[in-house]
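Colleague: have a look at this prediction, sequence included:
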Amino acid sequence: MAWEKFNPNLAAHDLVQDMKWDPKLREEFKQNESAVLDRYKLMPQERKAIEERDFRTLYDLGMHPYLGGQLSRFIWGNDAGKGAVEASNKLVASLQGHSRDIPPT
Amino acid sequence: MGRIVFAAGAPHAPAIVGLFDRAPAESQKVVKDTYAAISHELRAARPDVVIMFANDHLANSRITFYPDFLIGTAAVHSGPHEWFQEWIACRNYTAKGNPDVAKALFQGMTRRGIRMSSREENLNFDDNISVPVVMTDLDQTDMTLVPVLQNCTVPPYPSPEKCYEVGKALREFIEQDLPQDMRVALFGSGGLSHEPGGVKYYKIDEDFDRAFLDICVAGDHKKLLKEITIERLEEAGTGGTAELLSWFPVMAAIGERPGRSFGYTGWPSFRCGVGGVIWDLDSKQ
């Protein structure tokens, strides 16, 4: 079970929820990520992991993977045909600890 | 008393819409055959209302305050929610709601000891409700929709036994609380195996999926509750496969009946095993 580390207290969860519900915040995250991160009570290592796109560490800190997947789409793209595929490739590469793309087929 | 006239379970993976054109022919065929049969038989059953159980995917509530079953009581249900539009790449829709049935369901389940929650605003729908609605063109029929968004992904989510109990109460509700001759369709939206956002994002557990479909087709509920445990669901894809728990209330409500499935595909780019079941309500229990 991968839920042993799950920690519902993580502020990163609220960050993802808010971006999902607020297009303006999403845009601001793209333009000025650190200003958005400043508003959340992220632990230092949690913030560093977001900044470094280090999903392995984020998950080890207790991030919910479904919201982790959504965070990857805010960063790398959300459109069905391209961006979301790239996002899931990069997310899996980060979780598996390498930098190559995962061929989706 | 109301009557159940249709019951089905099917996946709502966004890629069966967004990546459909790129899928191999045999995978396209499974998607087409499954949803064509559902669309056709759903119409033939002439339901007044479709009660649809589906994983909420954290689209409506914060993780710190998360309902297990959230009933949408709105008069209309529009979707997909803005952020999910480009992700699913499906058309927009506005389906007719059914506030009377939705509120009666909330009261009826409460009275029967099942805690649910309800919300009057248009809920945020992602693939959970949107994919079945556009794949069946439900919004272009006279049928009304009552969505029940279920917690299948924030631990501790309702167990298989609990979801089965919900289905038994649902049956009582339909038979005892709904108006005479009201025709009800039940739809469990979700699955099959997948691990969204996880390290096994591209891994599909075909053995699990085929075994699950076999159990559903056989209508063997003893086996269902014995073999489809939380542990097995999580092993077959953490945080995703457990949305098959949305099929449990449907199965429990109709009782042990056989069904039909329309093929199976585990094409990795769907990032989800795909296959569905329509249960045969004319069969003897």
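Modeller: Sure thing, it's come through.

Colleague: max-length helix in chain A?
Modeller: In chain A, taking DSSP state H as the definition, the longest helix is helix A:83-96.

Colleague: mean confidence for it?
Modeller: Helix A:83-96 carries an average pLDDT of 89.

Colleague: over to stretch B:117-124?
Modeller: 98.

Colleague: right, and B:I230 touches B:E161 too?
Modeller: No - taking contacts as Cβ atoms under 8 Å, B:I230 lies outside contact range of B:E161: 9.9 Å. (Glycine included, C-beta is placed from N, CA and C.)

Colleague: more neighbours: these two, which one.
Modeller: Neighbours were counted for B:I230 and for B:E161 using other Cβ atoms under 10 Å in any protein chain shown; B:I230 has more, 18 against 13.

Colleague: report the contact partners of the more buried one.
Modeller: B:159-160, B:242 (Cβ atoms under 8 Å, 6 or more residues apart in numbering or on different chains).

Colleague: looking at the residues you listed, state which has the most neighbours.
Modeller: B:A242 leads the contacts of B:I230 on contacts (other Cβ under 10 Å) with 28 neighbours.

Colleague: low-scoring stretches of chain B, by residue?
Modeller: Applying pLDDT under 70 to chain B flags the ranges B:284-285.

Colleague: number of residues surrounding B:R260?
Modeller: Neighbours around B:R260, by other Cβ under 10 Å: 14.

Colleague: if you could redo that for A:N32, that was the one I meant.
Modeller: 11.

Colleague: how close does it sit to A:R47?
Modeller: 15 Å (Cβ to Cβ, to the nearest Å).

Colleague: can you check B:P147 too?
Modeller: The value you get for B:P147 to A:R47, if Cβ to Cβ is used, is 36 Å.

Colleague: between those two, which one's more packed in?
Modeller: Between B:P147 and A:R47, counted using other Cβ under 10 Å, B:P147 has the larger neighbour count: 29 against 18.

Colleague: pretty sure the more buried one is in a helix, no?
Modeller: No - with DSSP: H, G, I helix; E, B strand; the rest coil as the criterion, B:P147 is assigned strand and is not in a helix.

Colleague: nearest spatial neighbour of B:P155, chain-adjacent residues omitted?
Modeller: A:W3 (5.0 Å; Cβ to Cβ, 6 or more residues apart in numbering or on different chains).

Colleague: for the one you found, helix, strand, or coil?
Modeller: Per three-state DSSP, A:W3 ends up coil.

Colleague: ok, now the one 3 residues further on?
Modeller: Here A:F6 takes the coil state, with states given by three-state DSSP.

Colleague: counting neighbours, what do you get for it?
Modeller: 18.

Colleague: quick one: residues contacting the closest residue to it other than its chain neighbours.
Modeller: Distances taken as Cβ to Cβ, 6+ apart place A:G62 nearest to A:F6, at 5.4 Å, with adjacent residues excluded. Applying Cβ under 8 Å, 6+ apart, one finds that A:G62 lies in contact with A:5-10.

Colleague: A:G62 and chain B, how far apart?
Modeller: 11 Å (Cβ to the nearest Cβ, to the nearest Å).

Colleague: next one: phi and psi at that residue?
Modeller: phi 120, psi 20 (degrees, to the nearest 10).

Colleague: flag every buried residue along stretch B:12-20.
Modeller: By neighbour count on 16 or more other Cβ atoms under 10 Å in any protein chain shown, the buried set for stretch B:12-20 is B:12-19.

Colleague: which of those come close to chain A?
Modeller: Intersecting the buried residues of stretch B:12-20 with the contacts of chain A gives B:14-15, B:17-19 (criterion: Cβ under 8 Å from any Cβ of the partner chain).

Colleague: tell me which other helices or strands the helix or strand where B:L213 lies touches.
Modeller: Using DSSP states H and E, B:L213 falls within helix B:206-218. If you count contacts as 3 or more Cβ pairs under 8 Å, 6 or more residues apart in numbering or on different chains; DSSP states H and E, helix B:206-218 packs onto helix B:221-227, strand B:259-261, strand B:277-279.

Colleague: tell me the contacts of residue 3?
Modeller: Just going to use chain A. Applying Cβ under 8 Å, 6+ apart, the residues near A:W3 are B:155, B:234, B:238.

Colleague: could you do chain B instead?
Modeller: So, once contact is read as Cβ under 8 Å, 6+ apart, B:R3 ends up touching B:174-175, B:181-184.

Colleague: what parts of chain A come near chain B?
Modeller: Going by Cβ under 8 Å from any Cβ, the residues of chain A near chain B are A:1-3, A:6, A:8-9, A:13-14, A:17, A:20-21, A:23, A:26, A:64-70, A:72-73, A:78-81, A:83-85, A:88, A:91-92, A:95-96, A:102, A:104-105.
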